[in-house]
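*Asks:* pasting a predicted model and its sequence here:
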Amino acid sequence: MNWADVAVSIAQVAAGGGIIQGIVAYTKRRSAMRQLDRDSDSRAVKTADSVIEMLHEELDMMRIERDELRKQVRRLGNQVTRCEANLAIARAEIARLTR
Amino acid sequence: MTIDPAGRERKRKIFYLWREHIRHNAFGTMAGIAAVILGTLGTLLGDGVSQGMTISLRDAAGPVAHLWGATFAIGGAMKLIGLYLNRSTVEVPGLWVMAGGYAFYSITVVAGLRMHGLAAGVISAALAVGCMLKAKVIMQRARDALRRYENGSNSGVAE
C-alpha cells in the first residue's frame, strides 16, 4: 500500500465525513437552524417590503414626471405650430411686398 | 405540498432579494454553481472529468467518480437552494456535502497527478475549508438565534 492509496482512503473518509456531518447538523441542530431561518425570514420580508415600497414611490414620482413632460411636449408642440403659422404669414407678406 | 398563498408570497419576497444574496454571498454562490456543474459532469462522464481521479482511483475510478459527482451536485444544489430560500436547514447539510466533495477531489487529484495536480488541489482544498467555515459560521448564528429566542420567551419579551 503506497501513499497514493492512503491519500485515496483519506479522500473517501473526507467525502463520507462531509455527508455524515451534514446529516448530524440536520438531525441535531435543526431547531437552532429553524429559529435562525425564522429570524432571517422576517428580516428578509421586512427588507423586501421596504424595497417594494421604495420602488412604488419611485414609480409614482416617475409617473408625475412623465405627465409633466407630456404637458410640456404638448405646450411646445402648440408653440411650434404657432411659430410655423407666423412664419407662413411672414413669408406671404414678404412675397406680397417684393412683387 | 399544501397551497399557502401567504407562504408563497413570503417565499417570492425572499427570492426577490436574490441580488442581496449575490452581493453578500458572491463566493458561496459561485462555489455552489461550480459544485453543481462539476458534479453534473462527474455524474455524466464519470472519471473522464478528471485525469487525477482516473490515475489515483484506478479500477474503481468509474463508479466512484459517478457517485462523487452525484453527491457533489446534490450538495451544491442544496447549498444554493438553502441560500436563496433562506433555509439553513438545507444550506448547512449542503455545505458539508460540498466540503466533502471538494476535499475528495482535492486529495484524489494531487494523489493522481502529483505536482501537476497541485493547482487544482490547492484551489479545491481552499474551497473545502471555506465550505466548512461557512457551515460553522451559520451554526454559530443559529445557536445565537436560538439562545436569543429562548431568553426572549423566558423573560416574556417578544422580539
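*Replies:* That came through fine.
*Asks:* quick check, central residue of chain A?
*Replies:* A:L55 (8.8 Å; Cα atoms, centre = their mean).
*Asks:* pLDDT at it, what is it?
*Replies:* Note on A:L55: pLDDT of 90.
*Asks:* do the helix or strand hosting it and chain B meet at all?
*Replies:* Per DSSP states H and E: A:L55 is located in helix A:30-98. Yes - using Cβ under 8 Å from any Cβ of the partner chain, helix A:30-98 reaches chain B at A:30-37, A:39-41, A:44-45, A:47-49, A:51-52. Backbone N, C-alpha and C define where each C-beta goes, glycine included.
*Asks:* how about chain B: which residue is closest to chain A?
*Replies:* Across chain B, no residue is closer to chain A than B:G100, which sits at 1.9 Å (Cβ to the nearest Cβ).
*Asks:* what packs against the host helix or strand of that residue?
*Replies:* Using DSSP H and E, B:G100 maps to helix B:88-113. Secondary-structure packing of helix B:88-113 (3 or more Cβ pairs under 8 Å, 6 or more residues apart in numbering or on different chains; DSSP states H and E): helix A:3-28, helix A:30-98, helix B:26-45, helix B:51-57, helix B:61-84, helix B:118-154.
*Asks:* and B:N86, which of the three is it?
*Replies:* State at B:N86, reduced to three classes by DSSP: H, G, I helix; E, B strand; the rest coil: coil.
*Asks:* my guess is the residue of chain B closest to chain A meets A:G17, correct?
*Replies:* Yes - the pair B:G100 and A:G17 passes the contact test of Cβ atoms under 8 Å, sitting 6.1 Å apart.
*Asks:* more neighbours: which of the two?
*Replies:* Per other Cβ atoms under 10 Å in any protein chain shown, whichever of B:G100 and A:G17 has more neighbours is B:G100, with 29 against 16.
*Asks:* check contacts around the more buried one.
*Replies:* Taking Cβ atoms under 8 Å, 6 or more residues apart in numbering or on different chains, we find B:G100 in contact with A:A14, A:A15, A:G16, A:G17, A:G18, A:I19, A:Q21, A:G22, B:T71, B:G75, B:A128.
*Asks:* between the residues you listed, which is closest to A:R75?
*Replies:* B:G75 (63.5 Å; Cβ to Cβ).
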